[in-house]
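Peer 1: coords please:
(one chain, ligands or ions: 2)
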Amino acid sequence: MESLKGKLVFITGATSGIGKSSAYAFAGQGANIVICARRINIVNEIAEDIKQKFGVKVYSFELDVRDRQHVLKAIASFPEEFKKIDILINNAGLGRGLNKFYEDNPDGWDEMIDTNVRGLLNVTHAILPGMIDRKKGHIINIGSIAGHEAYPKGAVYCASKHAVDAITRSLRMDIIDKNILVSSIDAGLVETGFSKVRFYGDEEKAKNVYKGLTPLTGDDVADAIIFCATRPAHVNIAEITLLAARQASATVVYREE
Ligand code: NDP
Ligand code: 8X3
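Peer 2: Ligands and ions are numbered 1, 2, ... in the order given. The predicted structure is shown next:
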């Protein structure tokens, strides 16, 4: 296992779920971290807590990954000691609605495509040149089982995660000569803030998604991300797919009564 001690890891969408778990997991391994999201108060609270618990360096800032100009400006103005990102975790993302295509709200489509696809591109575009100059780096994209399979009522979310899969694969080819790794971590049902956001705050609908089974947690996914980031230098994990134990595919799920 390669050590993460002293490495600099940038995680987008670190106020909740997988991003938050990853921030704690990397800091727990001695990595210094850069974290962001739109809810700046929460990002700052997490940053303070991580500094106190693990004694690592943390830089936190407000970012909406959809805003390319802001992404470029914010990343260009990182304090000097946080500029040389070793590992980028493109995690910020969301689902909006779970409806038949013809009953769905196009505003949700825009949010998903702008966040899950354009946002990931914006952040990667801002971070990659530094990695290319330094001739090292690792980009870990948070895809989904929805990037492997389409399912009913998920046309645009699935399309956005298929796009993440395609971007991951093409990028890996484009920078094969740059000593930069590209990986994706593709999970199934993970109980985070995801379903509450997908159902516009409806807690009951969100709970039902995980009814009758034990879902993955953000920590389970963070474990997989840490595994991916700590392989020996000659190993690249192209992708890890992890599902809840009672989940066979995006649509085949066994639920206890
Ligand atoms: P959460 O809702 O718990 O976390 C999402 C995070 O993304 C939050 O920190 C949120 O912060 C941030 N975020 C959302 N929009 C933006 C934005 N425009 N700019 C910056 N940050 C943003 O969900 P998860 O942890 O589950 O989701 C994380 C990733 O994992 C997503 O890409 C999701 O698609 C993927 N995923 C989730 C699975 C699941 O079942 N939960 C399974 C497979 C993949 P804030 O609101 O403060 O901006
Ligand atoms: C989130 C998991 O199965 O709801 O990416 O699409 S799923």
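Peer 1: could you point out which element follows the longest strand along the chain?
Peer 2: As assigned by DSSP state E, the longest strand anywhere in the chain is strand 180-187. Sequence-wise, the next helix or strand downstream of strand 180-187 (DSSP states H and E) is helix 194-198.
Peer 1: packing partners for that following helix?
Peer 2: Judged by 3 or more Cβ pairs under 8 Å, 6 or more residues apart in numbering; DSSP states H and E, helix 194-198 is in contact with helix 203-208. (C-beta placed from N, C-alpha, C; glycine too.)
Peer 1: how far does the helix it packs on sit from its chain's centre?
Peer 2: Relative to its parent chain, helix 203-208 has a centroid offset of 22 Å by Cα atoms, centre = their mean, to the nearest Å.
Peer 1: and stretch 140-149, by the same measure?
Peer 2: The answer for stretch 140-149 is 10 Å, by Cα atoms, centre = their mean.
Peer 1: and Asn141, how many residues sit next to it?
Peer 2: 24 (other Cβ atoms under 10 Å).
Peer 1: and it, what does it touch?
Peer 2: Asn141 makes contacts with 90, 120, 164, 167-168, 182-185, as judged by Cβ atoms under 8 Å, 6 or more residues apart in numbering.
Peer 1: which regions of the stretch 101-250 of the chain lie under the pLDDT threshold?
Peer 2: Within the stretch 101-250 of the chain, no stretch has pLDDT under 70.
Peer 1: for stretch 74-81, list every residue counted as buried.
Peer 2: 74-75, 78 (16 or more other Cβ atoms under 10 Å).
Peer 1: what mean pLDDT does it have?
Peer 2: Mean pLDDT, stretch 74-81: 98.
Peer 1: near ligand 1 at all, it?
Peer 2: No. Interface with ligand 1: stretch 74-81 contributes nothing (Cβ under 6 Å from any ligand atom), its closest point being 11.0 Å away.
Peer 1: near ligand 1, which residues of the stretch 51-200 of the chain?
Peer 2: Taking Cβ under 6 Å from any ligand atom as the contact definition, the stretch 51-200 of the chain meets ligand 1 at 63-66, 91-94, 115-116, 119, 142, 144, 187, 189-190, 192-194, 197.
Peer 1: and with 8 Å instead?
Peer 2: Within reach of ligand 1 by Cβ under 8 Å from any ligand atom, the stretch 51-200 of the chain has these residues: 63-66, 90-95, 111, 114-116, 119, 142-146, 157, 160-161, 164, 186-197.
Peer 1: mind listing the strands for this structure?
Peer 2: Assignment of strands within the chain using DSSP E yields the ranges 8-12, 32-37, 58-62, 87-90, 137-142, 180-187, 239-242.
Peer 1: out of the ones you listed, nearest to Ile127?
Peer 2: strand 87-90 (5.0 Å; Cβ to Cβ).
Peer 1: mind exporting the C-alpha coordinates of the closest one to CSV?
Peer 2: This file holds the C-alpha atoms of strand 87-90, laid out as CSV (Å, rounded to 0.1, in the frame of the first residue of the first chain):
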residue,chain,number,x,y,z
ILE,A,87,-5.3,13.4,-6.2
LEU,A,88,-8.6,14.9,-7.4
ILE,A,89,-11.8,13.3,-6.4
ASN,A,90,-14.6,14.5,-8.7
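Peer 1: mind checking how far that strand is from the chain centre?
Peer 2: 8 Å.
Peer 1: mind listing what that strand pairs with, with the direction of each?
Peer 2: strand 8-12 (parallel), strand 137-142 (parallel) (DSSP bridges).
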